[in-house]
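Trainee: Below is the structure, and that's it, no one-letter string:
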């Protein structure tokens, strides 16, 4: 085997959201390329992999690729006309969402997504490179009592 590609959540990360010491040791001592493929952004994926030698990251469901130093090798942005149409529709319907940009991750609900900054109207106007829109359709649990 020359390469291993792994997702993070439910695959490489344990139930505590960490890479356990055994997995780190196996990955770091194996003569293979280590690639992470995840829907997460670099900002949220890379801290989870402290102590693991990662060669490449495929991020945001393939919209961005980075090397081990975090340098962008590839990026694919969503057309801004489409972005604004989607975001305006979501805001009108009061549906929370997150956007992922090269500058950072922003959300209309930072409680649900605590690794993001609060999305403001200024962000909607300023950002020219949006790579992913993630909808938050969580519904509060209703007690039957």
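Mentor: Perfect, I can see it now. Note that the coordinates shown come from a computational prediction; the quantities given were computed from them, not determined experimentally. Numbering: from 1, shown residues only.

Trainee: Buried residues of the host helix or strand of residue 85, list them for me.
Mentor: For residue 85, the host element (DSSP states H and E) is helix 80-92. Residues 83, 86, 87, 90 are the ones in helix 80-92 that count as buried (16 or more other CB atoms under 10 Å). Every residue, glycine included, has its C-beta placed from N, CA and C.

Trainee: Kindly report the same for stretch 69-81.
Mentor: Quick answer for stretch 69-81 (16+ other CB under 10 Å): 77, 78.

Trainee: measure it end to end?
Mentor: Terminal residues of stretch 69-81 are spaced 32 Å apart (CA to CA, to the nearest Å).

Trainee: With stretch 69-85 instead?
Mentor: 35 Å.

Trainee: what does stretch 7-18 give?
Mentor: Span of stretch 7-18 from end to end, CA to CA: 13 Å.

Trainee: what's the next secondary structure element after the worst-scoring helix or strand of the chain on mean pLDDT?
Mentor: Counting by mean pLDDT, DSSP states H and E, the chain has its least confident helix or strand at helix 121-126, which shows a mean of 70. The first helix or strand that comes after helix 121-126 along the chain, using DSSP H and E, is strand 130-136.

Trainee: what comes into contact with that next one?
Mentor: Applying CB atoms under 8 Å, 6 or more residues apart in numbering, the external contacts of strand 130-136 come out as 39, 41, 60-61, 63-64, 75-78, 80, 83, 86-87, 90, 95-102, 107-109, 112-113.
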